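In: pasted the sequence and its predicted model underneath.
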Amino acid sequence: MRNIKISGLKLFYIVLLSAGTISPAQATSFEEYVARLSSHPQIESILAQSAAQNAQAIGELGLPDPVLTLGVDNVPISDPSFDEFLPTSKIIGLSQKIPNPVMLDAKSERFEQMSEKSLLMAEYMKARMRYMLISKLAEYESVKTQKALVKKQLSYFTELENTFEGQIESGGSQYQRFSEVDVERAEAERKLNDLDAKLSAIEAEFVRLVDEIPDVNIPEISQGTWDQNPASLYPVMLAAEDVDIAAKDVGIADAAFLPNFGVNAVYKQREDGRNDRFDGADWFSVQAQVTIPLWASKNQKPKLKAAQEKRRSAQFAYDDMLRQWTQQMTALKSARDAASKNVKVLQDKDWAMKKKIDAAQRNYEAGTENLDAVLLAKIDRLNIQAALAIAEEVHVSKSAEFNSNIVGVYEEAKE
């Protein structure tokens, strides 16, 4: 076998490339998955946009590039030369445009405000993705529970059929009950198929969120409260950022009335002429420029009016967003509280059904009741438990969704 020698540098690259193909280790806690959400492409995209806007804010403060001019002046066409004609000269010039600093500051502040909005949007996106992860964990647990309950129901349907067959052999008439059980079994099998499809969809959503199917418990969800302060809701704060950005546009339009400046400098090199026929002293010229808003009524004023109207529009949109989210948070709280009550009702109903099954079992053992009564009661209890699993899922999901819209609620929970 031929020996293969690999240099240290090549070995480093091989290890580096191999590491790039290894999937990250399975997370072991919910908080690890939350940390992983910070590097989700959606959030990284928003953060990159914020960084770009911040860089643009810095760039807006810079001056435009100066213009360097090289050329000649007054060279005769008939006999091109530099020592035959007094005005002929070689020139080098430099010009610099200087926009008014108020305009530069206003444009820079606008991009800074946009960067702040993007950071807030990234923070909100992480909170929403945290809610989506919790919601999917609850749904995943609920669907698996429902699948187990349906499979148990199918086993009870088989026991029922065996019971009916025994009763028929004993001379009973249970043919109609067979058809009823067949209908209920078909419905249970349909539910099982739907639950399998739902489970696959949830697993695909897990991969989209955290790149794998988590194997962690659902975290404890605090029953958050909202103090009716609009500044504590992410969507309302984002709308407030739009108002601030529109105000910065007004500042830019205001600054357009101020003058821009410029400086031009030209150095002309001249020859003395053949046989010193004329004095060829060099020349130097300097010019200062300033703009005058002579056409402001047709240019700056309409633009200022447009910026002011956009600011008003943003303010109205903010007011509307505040109303929408006051209604939305009220609806979410009501849904969350209703789900919590439903969980309690179904838990009580499950407990009552257990007592009923225990009584039916005792009667069956005493010979005063048929086995089918016990089995039907068990099937009914499984339906209640399935409804309870759904209600618990809804409660967890609505609680997490309510919390995700409130600024700082997760940080407060950590403390």
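Out: Looks like it arrived, so ask away.

In: so how far is Asn405 from the residue lying farthest from the centre of the chain?
Out: For the chain, the residue at maximal distance from the C-alpha centroid (Cα atoms, centre = their mean) is Asn275, at 80.2 Å. Per Cβ to Cβ, to the nearest Å, Asn275 is found 90 Å from Asn405. Every C-beta, even on glycine, is put in place using the N, C-alpha and C of the backbone.

In: give me the low-pLDDT residue ranges for the chain?
Out: 1-25, 164-179, 410-415 (pLDDT under 70).

In: helices of that one, residue ranges please.
Out: Per DSSP state H, the chain carries helices over the ranges 8-21, 30-37, 41-60, 101-169, 175-210, 234-255, 300-366, 371-404, 409-414.

In: if you compare these, which one is most tucked away?
Out: Counting by mean count of other Cβ atoms under 10 Å, helix 371-404 has the highest mean neighbour count of the helices of the chain, with a mean of 21.

In: report all helices and strands that it contacts.
Out: Applying 3 or more Cβ pairs under 8 Å, 6 or more residues apart in numbering; DSSP states H and E, we find helix 371-404 packed against helix 101-169, helix 300-366.

In: hmm, back to that, so which of the helices of the chain gets nearest Leu294?
Out: helix 300-366 (10.4 Å; Cβ to Cβ).

In: which neighbouring elements make contact with the closest one?
Out: Other elements packing on helix 300-366 under the criterion 3+ Cβ pairs under 8 Å, 6+ apart are helix 234-255, helix 371-404.

In: so which elements touch the shortest one?
Out: The reference is to helix 234-255. Against helix 234-255 (3+ Cβ pairs under 8 Å, 6+ apart) you get helix 101-169, helix 300-366.

In: identify all contacting residues around it.
Out: 100, 102-103, 105-107, 109-110, 113-114, 116-117, 120-121, 123-124, 127, 230-231, 300, 303-304, 306-308, 310-311, 313-315, 317-318, 321-322, 324-325, 405-407 (Cβ atoms under 8 Å, 6 or more residues apart in numbering).

In: now swap in stretch 283-299 and tell me
Out: By Cβ under 8 Å, 6+ apart, stretch 283-299 touches 89, 256-257, 259-268, 270, 300.

In: ok, of the residues you listed, which come out buried?
Out: Neighbour-count burial (16 or more other Cβ atoms under 10 Å) is assigned, among these, to 89, 256, 264, 266, 268, 270, 300.

In: for the residues you listed, which two are the farthest from each other?
Out: Distance extremes for the buried ones among the contacts of stretch 283-299: the farthest pair is Arg270 and Gln300 at 43.5 Å, using Cβ to Cβ.

In: Trp64 is in contact with Pro99, isn't it?
Out: To be clear, residue 64 is Pro; Trp isn't right here. Yes: counting by Cβ atoms under 8 Å, Pro64 does reach Pro99; the two are 7.4 Å apart.

In: of these two, who's got more company?
Out: Pro99 (19 against 10; other Cβ atoms under 10 Å).
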